[in-house]
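**Q** My questions are about this predicted structure, shown below with the sequence.
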There are 6 protein chains.
Amino acid sequence: MAPAIKINGFPCKANITADDFFFAGLKKAGNTNNPAGSVVTAANVQSFPGVNTLGVSMARIDYAVGGQNPPHTHPRATEIIFVTEGTLEVGFITTANKLFTKTVTVGEVFVFPRGLVHFQQNRGDCPASVIAGFNSQLQGTQAIATTLLAATPPVPTDVLAKAFRVDNEDIDAVKARFK
Amino acid sequence: MAPAIKINGFPCKANITADDFFFAGLKKAGNTNNPAGSVVTAANVQSFPGVNTLGVSMARIDYAVGGQNPPHTHPRATEIIFVTEGTLEVGFITTANKLFTKTVTVGEVFVFPRGLVHFQQNRGDCPASVIAGFNSQLQGTQAIATTLLAATPPVPTDVLAKAFRVDNEDIDAVKARFK
Amino acid sequence: MAPAIKINGFPCKANITADDFFFAGLKKAGNTNNPAGSVVTAANVQSFPGVNTLGVSMARIDYAVGGQNPPHTHPRATEIIFVTEGTLEVGFITTANKLFTKTVTVGEVFVFPRGLVHFQQNRGDCPASVIAGFNSQLQGTQAIATTLLAATPPVPTDVLAKAFRVDNEDIDAVKARFK
Amino acid sequence: MAPAIKINGFPCKANITADDFFFAGLKKAGNTNNPAGSVVTAANVQSFPGVNTLGVSMARIDYAVGGQNPPHTHPRATEIIFVTEGTLEVGFITTANKLFTKTVTVGEVFVFPRGLVHFQQNRGDCPASVIAGFNSQLQGTQAIATTLLAATPPVPTDVLAKAFRVDNEDIDAVKARFK
Amino acid sequence: MAPAIKINGFPCKANITADDFFFAGLKKAGNTNNPAGSVVTAANVQSFPGVNTLGVSMARIDYAVGGQNPPHTHPRATEIIFVTEGTLEVGFITTANKLFTKTVTVGEVFVFPRGLVHFQQNRGDCPASVIAGFNSQLQGTQAIATTLLAATPPVPTDVLAKAFRVDNEDIDAVKARFK
Amino acid sequence: MAPAIKINGFPCKANITADDFFFAGLKKAGNTNNPAGSVVTAANVQSFPGVNTLGVSMARIDYAVGGQNPPHTHPRATEIIFVTEGTLEVGFITTANKLFTKTVTVGEVFVFPRGLVHFQQNRGDCPASVIAGFNSQLQGTQAIATTLLAATPPVPTDVLAKAFRVDNEDIDAVKARFK
C-alpha cells in the first residue's frame, strides 16, 4: 500500500465526501460528573479530521450547577463563546495581570484572546452550556491546576512550593487530590 | 486632541473593560421577513470592535421556513456552523466543481472552507438557526446573486448574459427583481 | 522504494535542477474556441511543481474578440494583471457591493483583491491577452456560473431559483446550457 | 505637529539611526532580591522599540542560588535559551500533560514551545543566567501564580479553590502572600 | 483636519475608485542608458498605493543589448518572471551555494525564491524585457554591488577587502566606480 | 516499516523526550582558523531537529582577532545578537542603501532585519563571540562573496564583472582565491 499523504502530520484523504466536513459529536451534553463539574467535547482535528488545514474548530462545553471550566490556556487559538444554556461567570487575565470578568447568559458572546488564562464558572441554579469557536484546527489546552499538579513525570514539588509561596507539604497534599 | 492609535484601520482603545470583549447582539433572532427568508447577525469587528486583531468572529443566522442563506463566499475566513434550531440542507462547491452537501440538524456541525461558494437552505417545517464561527475578525461576505445583479454601478448586462449563456433581456429581467 | 517526502501534499524533489524553476507552458496562446471565448493557462503548482512553497504563480489568459473571463473568484490569492495584447474591460465587486471597473490596454496593470468576484471582457476588435501574477502557488478558481450551474452533483435547482428570484424552470433551462 | 505614523500601535520613527537597532539594557545582571529569586530583563518592543515589526526579541534572566523563574507562559512566542552562567533545571509541560525536564549548564540550549507552561529552577551553588531569544517583538508573559493569585481585580477565590481542589481559606491564605 | 488612517505606514484612502487599482506606469520601456544597461520600473506600494495590504506587486524590467539586472535580493518576496521580449540568461544561487541558471526567451517563465541572490543577463542581439510578479506589495531590493560599494556611509573598505580576499586598494578602486 | 510522518520535509518523531528540545553543540568555541577568521555554529533544524515547526533557532559565532562574519543575508529570518565576549563592529545596509553601523561589546544587543545584508568585524585585541537568535527554525545564509565567487557551477564571470564594474580578469583573479 502506498504511504498516505500527510499534511501537518494528519492524513490527507484521497476520496472525500460531505461527511468529512460534518461532525455530530456535539449533539449531546457531555458527562459533567467529575471534580470540575464540567466537560469539554471538542470538534477539532483530532476528533473531526476534516478541519485539518482549515484553521477553525469548535467545542461544546457543559457545566453542572456549580461546575467550572477551570483556569486554562489555549496555546494556539483565540476562543469565542456563545452561551446556549444557563448563566456563567467568565473571565480572562491579561499579561498586565488585569482580570476582565463578566456574567454572560443565553445568547451572549464573550472572547478570550489567544494564549491568556481564562475560566468559566456556573454560579446559576441550572446547568449551562456554551458553543466555542477557535481560530485553529487544534487549539490545544492547558488546564493550569492539572498541568502543574498532575503532569507525568510530576513537576517538582519544591518548584511549585516556591512559585506559590507555600511549603512542600502543601503542594504534596494538593497533588494527592489529583491522583 | 492627540490622534487615536489605529490598528488595521480600527481604533485601538486606551481604556478597555470586560464589556469590550462582550457582545449581546446575537441574543434575539433577526427578522427573516425578506426575499431570502433569512438574516445574518454578525459579531465581527464592525459591530464588536473588541475582536480586532484577535482573528475570530461569530454570527447568528436565522432562517424562516423555506428560507435560505443564498450561495455566497467569505473572502477572508473559513466558517464552521453549529445548528441551534431546526434542520438545514447545507453545501459548498470546491474549485474542482464538486458539491458537498448534507442535511444537518440541531447540535450538528459543518465546515465551509475559506473562500468557497456555500449555502444553507431550510427545507424543514419550522424556523432554523445556526451559530457560525469564523477565523477572521472581518470575514467579509459576497452573496453571489446580489454581487452580480445589484452592484453599484451595475455589472454590465452583457457580461452576465455571456457568463450565464442567456440573453441580455433575461439578465435585465432578473436585475429588476433586485431593485 | 522509500516514500517520497511531501510538502503540502505535493512531492518534494530530492534532485532539483534549473528546469524545476522554469516553465514554458505560457508561450502560446490557448484555444479560445469555447463558449466563454477565453482560456486560462496556469503556471501554478499543478502544472509547475517548482513553485511549491514559494507562494507565487502566474497565468496567461487569452480572449477572442468578444470573449470574456467570466465572473469568478480565487479563494487563496490576490491577482495582478498586465495586459500584453488588446483592450479589456475589467472589474471587481467589493463586499460592500460596489463595482470598480476600468478599461485597460496594452502595458496597463490592474489588481483584483483576494477572494472578490471579478471579470475581464474583451470589447475590442482584436484578441487580447494578459499575464496574471498571484500570491499563492495554487490560487484556486471558482467561475461563478459554472460553480452554480454545472457542479457535480448539481446545486439544487430550487436553491438557485430562490437565490436569483426566478422560477425553477428558469434555472433548469440555464443549467441545460452548461451540459 | 503632524500625527506620528503608528505601526501595530507603536511609533514608526521617521529618522532612524543605528542606535535604534541597539540595546544596552542586558549588560548587567538584574536584582534577584525578590521572592522568586530571579529577574527577567527584557529587550522587547516596550524597552527596545527598534524591534517593532521585526518579529524577534531577547531577554536576560538572572537567578540567585535557589532562585526560580516560576511556571509561566508566553502567549505569542517560542523561547530558546542559552545558559551563560550556572546550572538550571528547566522544563515545560505539553498539552498532553507530559513534563519534559532537563538540567542545563553553561553553553547549553533548550527550547520552550509557544504558549506552553515552563519554568527554570537554579539548584546549583552559584547564581545562574541565561539569554533567551523569542520569535516575537512582544512575547507577553503570564506567571501562573501571580496571574491566578494577584490579578486586579482578584480572580474569585472559589473559582481557584475548586480548580485546585482546596478550601477557600487555603486560597485566601496563599493570596495574602502575594500582596 | 482629522489624521488619516494609516495601514502599515501607508495611507488608507477613504474614497476609493477603480483608478486606485489601476497603474499605467509599466507601459513604456524604461531608460536603460546606465552602467547596468537595465532598469526596473516598479508597480509596488510606493508607486501604486492601491496594492497596500494586497500582498502583490509587479515590475517591468528592460535590458539593453548586453544589459543586466545585476545580482540582487528581495528580502520580502519571491519573484516570478515572464519574458515579453528578447532572450535572457537568468539564475539564482541557493543557500547551499548551488547556481541554477537557464536561458529563457519570449513567453517563458522562471521563478526566484524569496531572499536568494539572482540576476538576469541579456546575451542576445536585441533588447529584452520581462514582467515580474512578487508576493509582496513592497518586495524591497538590494543590488549586491551597490549595497556593498555605494552605501551611505560606506561599508568599511577593510571589511569588504577581507570578505573578497583582496587588498584595501582594490576595494577603494572599485568603490570609486560607483560614485 | 511504516513511513515516518514528515513535517516540512523533516521527520516528525513519535517518541520524544526532553533531549529532543536540548542542544549542547554551542558549548565550545568553533575553530576560527579559516580565511574569514570566524565560524558560525548553528542550532537550527538541521543540527537540532527539535526546533522544527517552532519558528526559532540560535547560533554561536566566534571571531578571532581581526576575524569577520562577512557580509551575508538570511532569507528567512531576522537575527538578534547578544555579545558574550569581546567587541565587534556590526552593521547592516537597508534597501535604501543606508548603512547602520555600531560598535558593540559584551552584554550589548543588536538586531539585523530579515533579509538585509549585514556583517560583524572583530576590531578588538581579543577574540569575540556572540549568541544569535533567529525567528525561523532554518534561517538560511548567503555569504555574499562565497555566493557570487564560489557557487557550483560558477556565476558567469562577465555577469560579475559588469555588476562590479571591473574586468573579467579581475573577477577570475578573485574567484581563484575562493578555490
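**A** Thanks, I have it.

**Q** and the residue most central in space within chain A, what does it touch?
**A** The residue lying closest to the centre of chain A (Cα atoms, centre = their mean) is residue A:141, at 5.2 Å. Counting by Cβ atoms under 8 Å, 6 or more residues apart in numbering or on different chains, residue A:141 touches A:40, A:72-74, D:95. (Glycine included, C-beta is placed from N, CA and C.)

**Q** For chain E, state which of the residues you listed is nearest.
**A** Nearest to chain E out of the contacts of residue A:141 is residue A:74 (Cβ to the nearest Cβ; 27.6 Å).

**Q** Count residues in the vicinity of that closest one, would you?
**A** For residue A:74, the count of nearby residues is 25 (other Cβ atoms under 10 Å in any protein chain shown).

**Q** That one: what's it in contact with?
**A** A:112, A:114-115, A:134, A:136, A:139-142, D:115.

**Q** picking up where we left off before, mind putting the contacts of residue A:141 in a markdown table, secondary structure and pLDDT included?
**A** Converted to a markdown table, the contacts of residue A:141 look like this (DSSP: H, G, I helix; E, B strand; the rest coil; pLDDT from 0 to 100):
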| residue | secondary structure | pLDDT |
| --- | --- | --- |
| A:40 | strand | 98 |
| A:72 | strand | 98 |
| A:73 | strand | 98 |
| A:74 | coil | 98 |
| D:95 | coil | 97 |
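
**Q** would you turn these into TSV with distance to residue F:23?
**A** Output for the contacts of residue A:141, formatted as TSV (distance: Cβ to Cβ, whole Å):
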residue	distance to residue F:23
A:40	35
A:72	30
A:73	26
A:74	28
D:95	23
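
**Q** Now the nearest residue to residue A:10 once chain neighbours are set aside. Its backbone dihedrals?
**A** Using Cβ to Cβ, 6 or more residues apart in numbering or on different chains and skipping the chain neighbours, the partner closest in space to residue A:10 is residue A:52 (4.7 Å). Backbone torsions of residue A:52, given as degrees, to the nearest 10, read phi -60, psi 130.

**Q** likewise residue A:167?
**A** phi -90, psi 160.

**Q** now swap in residue A:176 and tell me
**A** phi -60, psi -30.

**Q** Residue A:158 now?
**A** Residue A:158 has phi and psi values of phi -70, psi -30 when expressed as degrees, to the nearest 10.

**Q** again with the one 10 residues further on
**A** For residue A:168, the backbone dihedrals (degrees, to the nearest 10) come out as phi -60, psi -40.

**Q** so where do the helices sit in chain A?
**A** Taking DSSP state H as the test, the helices found in chain A are A:144-149, A:157-164, A:168-176.

**Q** Can you tell me how far residue A:96 is from residue A:114?
**A** Computed as Cβ to Cβ, to the nearest Å, the residue A:96 to residue A:114 distance reads 16 Å.

**Q** and if you look at residue A:46?
**A** Separation of residue A:46 from residue A:114 (Cβ to Cβ): 19 Å.

**Q** Compare those two and say which is more crowded by neighbours.
**A** Neighbour comparison, residue A:46 and residue A:114: the larger count goes to residue A:114, with 24 against 13 (by other Cβ under 10 Å).

**Q** That one against residue A:80, yeah?
**A** No: in this structure, residue A:114 is not within contact of residue A:80 by Cβ atoms under 8 Å, at 11.1 Å.

**Q** Domain ranges for chain A, per the record?
**A** Annotated domains of chain A cover A:29-140, A:142-179 [automatic domain parsing].

**Q** Any part of the last one near chain F?
**A** Going back to what we said before, that points to domain A:142-179. No: using Cβ under 8 Å from any Cβ of the partner chain, domain A:142-179 never reaches chain F; the gap is at least 10.1 Å.
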